[in-house]
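Turn this into a structure:
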Amino acid sequence: MKPVLSIGIVNWDTGELLQKCLESVYVHTKKVPFEVWVVDNNSGDGTAEMIKNQFPAVQLICNQENLGQAKGDNQILKRYQGDYFLMLDPDIILVEDTFSKMVHFLQERNNDGIVGCRFYFPNGVAQASVGPFPSVLDYLVRLYQNLRLPKTPWTHRYAVEYWDYSHTNILDGGYPSGACLLIPREVIDIVGLMDEHFSPAYLEETDWCYRIRKAEFKLYYYADTYVLHWLGSTIRKLSETEQRRIQYIWKINYHYFLLKHETVLSRSLVRVIGAMESIGFGLGRLGCVLIGRAEPSSLKRDLIAFKIALGSVRTAEELRV
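Reported below is the predicted structural model:
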C-alpha cells in the first residue's frame, strides 16, 4: 500500500532517544498508512545497527560523515513516497496518534498550508513550539534575552507564559517548530527543497517556513494534539568548544537568512548591532582578563563574533574556533 505519510528523521548520536521515538511512532500511528525514513549522519553510538535489528521496516540512509540537518532532510525529500512529509526530530515521543490528527487537519483545509502541534517537556511542563522569523526587531529581542533580563510579553512573545498555546491559530509573525512539522507534497513541489547553505544546522526550517508563507500558504499551529520533546538533547552531549561553535553557526545562518529575505537596510542594521554587541562583550571580558578572572584566550570568542557580524565569516567551514 502506498503510504499517505512519510516521516523523515535526521539523526546524529541520539540512538537511545531515536529508539524511543521510533517505538512511539509505530505504537501510536494507527489511522494513516506511513513510512519512516532515517538519515544517520555517521553516528558513533550504534544507531544504524539498532535500526537494522529492531526496525527493519525503516528506510535507512547511512552517511559517511555528518552532513547536517538540511542535507539530510533533502536526501529524504528526494526519495519519499507519501502525500505528506513529516519532519521529525529524534527526540520527539508520541503519546497519541498525533500524526494522523495532523494529516486530517490539513485534509480538512484542502492542504492550504503546513502545520505544527503542541509540545511538552517529558515532565509534562508546556514548551514553546512557535518561534519568530529573523528580523532587526527579533535580533534586538534576542540581545535582550541574552542579557538575562526579566521576561516581558514584548520580548518573549511566544513563551508559554504569554502566548496562548491552548487554541489553534494561523500564524502571522511566527512559524511552527521544525521538530514536528507536517508539509503536503504539493507545497514542497512548489517551494522546493531545503536550502543546504543552512548547514550543518539552525534556521533551515525557518527559511523553509518563510518561503512557504511567501508562496501564500498558511502556517498553522494545531493545539488539539501534542508530543513530548527532549529539547536540546544533541547539544547537551557536545563539549564546551563544540557548543560555542554551534552558537557561531547560528549567528552565521541568521545573517544568511537576512541576506536572502530582508532589505539592505535591515541587514546592515543587524550587522552594526551585532558588531556593537561583540565589542561590548569583548570589553567586559577584557576587564575580566585584566583582573585575572578570565583567560586571555577567551577574547577570541568576541573576535569571532565580531567577524561574523561584519560578514568576513560567512559559512561554518570558515570558522576557526
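
Give me the neighbour count for Val27.
When neighbours are counted by other CB atoms under 10 Å, Val27 registers 11. (Each C-beta comes from the backbone N, C-alpha and C, glycine too.)

quick one: it and Ala305, what's the gap?
Using CB to CB, to the nearest Å, one obtains 45 Å as the distance from Val27 to Ala305.

what's the following helix or strand after the longest helix along the chain?
Counting residues, the longest helix in the chain under DSSP state H turns out to be helix 264-290. Next in sequence after helix 264-290, counting helices and strands by DSSP states H and E, comes helix 299-310.

now the angle between helix 264-290 and that following helix, please.
Regarding helix 299-310 and helix 264-290, their directions subtend 170 degrees when assessed with axes from the mean of the first three to the mean of the last three CA atoms, to 10 degrees.

What average pLDDT does helix 299-310 get?
In this model, helix 299-310 carries a mean pLDDT of 79.

swap in stretch 70-87?
98.

Need the CA coordinates for that stretch. CSV is fine.
This file holds the C-alpha atoms of stretch 70-87, laid out as CSV (Å, rounded to 0.1, in the frame of the first residue of the first chain):
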residue,chain,number,x,y,z
ALA,A,70,19.2,20.3,5.7
LYS,A,71,21.3,18.0,3.5
GLY,A,72,19.9,15.0,5.5
ASP,A,73,16.3,16.2,5.0
ASN,A,74,16.9,16.7,1.3
GLN,A,75,18.1,13.2,0.9
ILE,A,76,14.7,12.0,2.2
LEU,A,77,12.8,14.6,0.2
LYS,A,78,14.3,13.3,-3.0
ARG,A,79,13.0,9.8,-2.2
TYR,A,80,9.9,9.8,-0.1
GLN,A,81,6.6,8.3,-1.4
GLY,A,82,3.9,9.8,0.7
ASP,A,83,1.4,12.6,0.1
TYR,A,84,2.7,14.3,3.2
PHE,A,85,6.2,14.8,4.6
LEU,A,86,6.6,15.0,8.4
MET,A,87,9.9,16.5,9.6
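
residues of it that come out buried?
70-77, 80, 82-87 (16 or more other CB atoms under 10 Å).

The residue nearest to the spatial centre of the chain: what's it in contact with?
Closest residue to the average C-alpha location of the chain: Gly178 at 5.0 Å, with CA atoms, centre = their mean. Residues in contact with Gly178, defined by CB atoms under 8 Å, 6 or more residues apart in numbering, are 87, 89, 204-206, 208-209.

ok, now Ile7?
25, 34-37, 86, 88, 99.

biggest strand in the protein, by residue count?
For the chain, the strand reaching the highest residue count under DSSP state E is reported as strand 218-229.

Who are the packing partners of that strand?
The contact analysis (3 or more CB pairs under 8 Å, 6 or more residues apart in numbering; DSSP states H and E) places strand 218-229 against strand 92-94, helix 98-108, strand 113-120, strand 169-170, strand 174-176, helix 204-214.

Contacts for the second one next, please.
Translated: helix 98-108. Helix 98-108 has contacts (CB under 8 Å, 6+ apart) with 4-5, 7, 25, 28-32, 34, 84, 86, 112-115, 117, 180, 182, 184, 220, 222, 224-227.

What are the buried residues along that helix?
Under the neighbour-count criterion of 16+ other CB under 10 Å, helix 98-108 has 98-103, 105-106 buried.

Which residue, other than its chain neighbours, is closest to Phe198?
Nearest non-adjacent residue to Phe198, counting by CB to CB, 6 or more residues apart in numbering: Glu204, 3.8 Å away.
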